[in-house]
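Asks: With the input below, show me the fold.
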Amino acid sequence: MLKLNSLNDNELVQRFIEGDQESLEILILRHKSRVFSYIVLIVKNQELAEDIFQETFIKVIRSLKKGRYTENGKFISWVLRISHNLIIDHFRKEKLKGTISNDSVEVDIFNSQKFSDRTIEDEMINSQILFEVKELVRELPDDQQQVIYMRHYLGLSFKEIADQTDVSINTALGRMRYALINLRKLIEKKNLTLTMI
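Replies: Numbering: from 1, shown residues only. This is a model prediction of the structure:
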């Protein structure tokens with residue numbers, strides 16, 4: 001155990017991949033406090049933080065066993081990113097429910113998300129959605145990327161887009177139509193939830 005403690009994260013990861021369970025225990029003990037503190041700081045609920053912490057390391061183990069971790073000296077950053085994504089998933093599910101229930105009443109309309117100020121959770125979900133949409137747009141053909149960028153990021157009209165790209169308005173509209181169809185297909189294929197509600 002003492003010898004294992006002196007190894008760096010990537011050496012421990014490698015040993016775990018090769019079948020040494022003790023290496024994983026050391027990694028978890030080494031980073032438990034930082035990961036758990038990060039989770040509890042955001043979710044502000046001890047039990048929920050424990051669940052997400054457990055889920056994080058289940059995902060870490062599965063990913064390591066499937067060879068989805070590339071050695072880059074940033075094991076802790078990778079683990080924190082996994083926990084961050086699980087936190088976002090949790091808040092998205094809560095948003096989809098629409099309300100947070102009271103103990104005494106099943107549904108409380110005054111507890112609805114639309115009546116509350118934007119929270120840090122909202123900001124996290126929103127920035128994650130924007131990131132995911134940008135990644136999806138990058139998978140589209142160049143002409144479709146261009147029309148989305150000009151329309152939604154530059155705020156140009158379809159006539160302005162047509163003029164600047166030297167195509168007819170119908171072609172610009174067609175490209176937008178196909179871009180939206182392709183984005184929907186990508187969202188379904190990747191099983192993404194891109195809603196704030």
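Asks: Find the residue at the geometric middle of the chain.
Replies: Per CA atoms, centre = their mean, the C-alpha nearest to the average position across the chain is that of residue 85, at 4.2 Å.
Asks: which residue sits closest to that one in space, ignoring its chain neighbours?
Replies: residue 128 (7.8 Å; CB to CB, 6 or more residues apart in numbering). C-betas here are computed from N, CA, C, even on glycine.
Asks: Going C-terminal from the helix or strand encompassing the one you found, what's the next secondary structure element?
Replies: If you go by DSSP states H and E, residue 128 is part of helix 120-137. With elements assigned by DSSP H and E, the helix or strand that comes after helix 120-137 is helix 142-148.
Asks: Strands of the chain, start to end?
Replies: Counting by DSSP state E, the chain forms no strands at all.
Asks: Listing request: residues of it with sub-threshold pLDDT.
Replies: 1-2, 71-73, 97-122, 193-197 (pLDDT under 70).
Asks: In the record's domain split, what are the boundaries for it?
Replies: Domain assignment for the chain by automatic domain parsing gives 1-116, 120-197.
Asks: Could I get the buried residue list for stretch 37-50?
Replies: Using 16 or more other CB atoms under 10 Å as the test for burial, stretch 37-50 gives 38-40, 42-43, 49.
Asks: Among these, which one sits closest to residue 9?
Replies: Minimum distance to residue 9 across the buried residues of stretch 37-50 is 16.5 Å, recorded for residue 38 (CB to CB).
Asks: In space, what's closest to that closest one - neighbours in sequence excluded?
Replies: residue 80 (5.9 Å).
Asks: Report how many residues lie close to that neighbour.
Replies: 17 (other CB atoms under 10 Å).
Asks: Distance-wise, check it relative to residue 25.
Replies: 19 Å (CB to CB, to the nearest Å).
Asks: what's the answer for residue 67, then?
Replies: In this view, residue 67 and residue 25 are 21 Å apart by CB to CB.
Asks: repeat for residue 171
Replies: Residue 171 is 60 Å from residue 25, by CB to CB.
Asks: go on, residue 40?
Replies: 22 Å.
Asks: What of residue 85?
Replies: Distance from residue 85 to residue 25, by CB to CB: 24 Å.
Asks: cool, residue 150 as well?
Replies: When residue 150 is compared with residue 25 (using CB to CB), they lie 53 Å apart.
Asks: Equivalent analysis for residue 57, please.
Replies: For residue 57, the distance to residue 25 - CB to CB - is 11 Å.
Asks: neighbour-wise, which of those two wins?
Replies: residue 57 (18 against 14).
Asks: Wait, that one touches residue 28, no?
Replies: Yes. With contact defined as CB atoms under 8 Å, residue 57 counts as touching residue 28 (6.0 Å).
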